[in-house]
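Colleague: Sequence plus predicted model, see below.
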Amino acid sequence: AQSVTQLGSHVSVSEGALVLLRCNYSSSVPPYLFWYVQYPNQGLQLLLKYTTGATLVKGINGFEAEFKKSETSFHLTKPSAHMSDAAEYFCAVRGDKFYFGSGTKLNVKP
Amino acid sequence: EAGVAQSPRYKIIEKRQSVAFWCNPISGHATLYWYQQILGQGPKLLIQFQNNGVVDDSQLPKDRFSAERLKGVDSTLKIQPAKLEDSAVYLCASSTDSPNQPQHFGDGTRLSIL
């Protein structure tokens, strides 16, 4: 069975600083990996996905993630945080079904 | 393309009452999911439909929750009777059958039980 672990339920960065949200997965088959963002009172919105091919994946709003098979990781990064990035972020893996991490709430300080 | 539509957006009921949520998935999406998201947690899958058949309902509390997807399009999720611990956001999502495709989510229904 697959599972997803997100390290750090809360991350706080200053505006303009690097954003790094961590995601590790376990999967017995090549995984399909996703990052979603959830703003207050909204559903989950797809940020980016990895299926096959290039291991560095670019998404919306300047986010990107790198699939590292040897580390079973799919960390999400953004070079420079913006106030509008404050939200909750979920990592997910799709194997036999979808598995979501417990989420990381990102706070951006002015 | 139109997104996943859910209604109502908010619902407040008293415990032991019943409530129903409605979801219209993206056109052409064969798979439909209902999730429960308790405050501060990730989404928990309640039930997954493939067309109008149930694929996974292992985490659905069947003594009080029921769901149907007639004609393989719209779906309703019902709770009867509601308990205090059912206070949560109920998210509907849909996807194609392709394993490398993501789910698309609606904005959810926020349920408060008094």
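Modeller: Structure received.
Colleague: Return the backbone torsion pair for residue B:85.
Modeller: Taking degrees, to the nearest 10, you get phi -70, psi 0 for the backbone angles of residue B:85.
Colleague: Give me the neighbour count for it.
Modeller: By the measure other C-beta atoms under 10 Å in any protein chain shown, the count of residues near residue B:85 is 10. Any C-beta I mention is one placed from the backbone N, CA and C, and that applies to glycine too.
Colleague: can you check residue B:100 too?
Modeller: 12.
Colleague: Now do the same contact list for it.
Modeller: Residues in contact with residue B:100 (C-beta atoms under 8 Å, 6 or more residues apart in numbering or on different chains) are A:32, A:49, A:51, A:52, A:94.
Colleague: so which of the residues you listed is the most crowded?
Modeller: residue A:94 (22 neighbours).
Colleague: Now pLDDT and distance to chain B too, for the contacts of residue B:100, in CSV please.
Modeller: Listed next are those as CSV, based on pLDDT from 0 to 100; distance: C-beta to the nearest C-beta, whole Å:
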residue, pLDDT, distance to chain B
A:32, 90, 5
A:49, 94, 6
A:51, 89, 4
A:52, 85, 7
A:94, 85, 6
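Colleague: Now render those as CSV, adding secondary structure.
Modeller: Shown next, in CSV, are the contacts of residue B:100 (DSSP: H, G, I helix; E, B strand; the rest coil):
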residue, secondary structure
A:32, strand
A:49, strand
A:51, coil
A:52, coil
A:94, strand
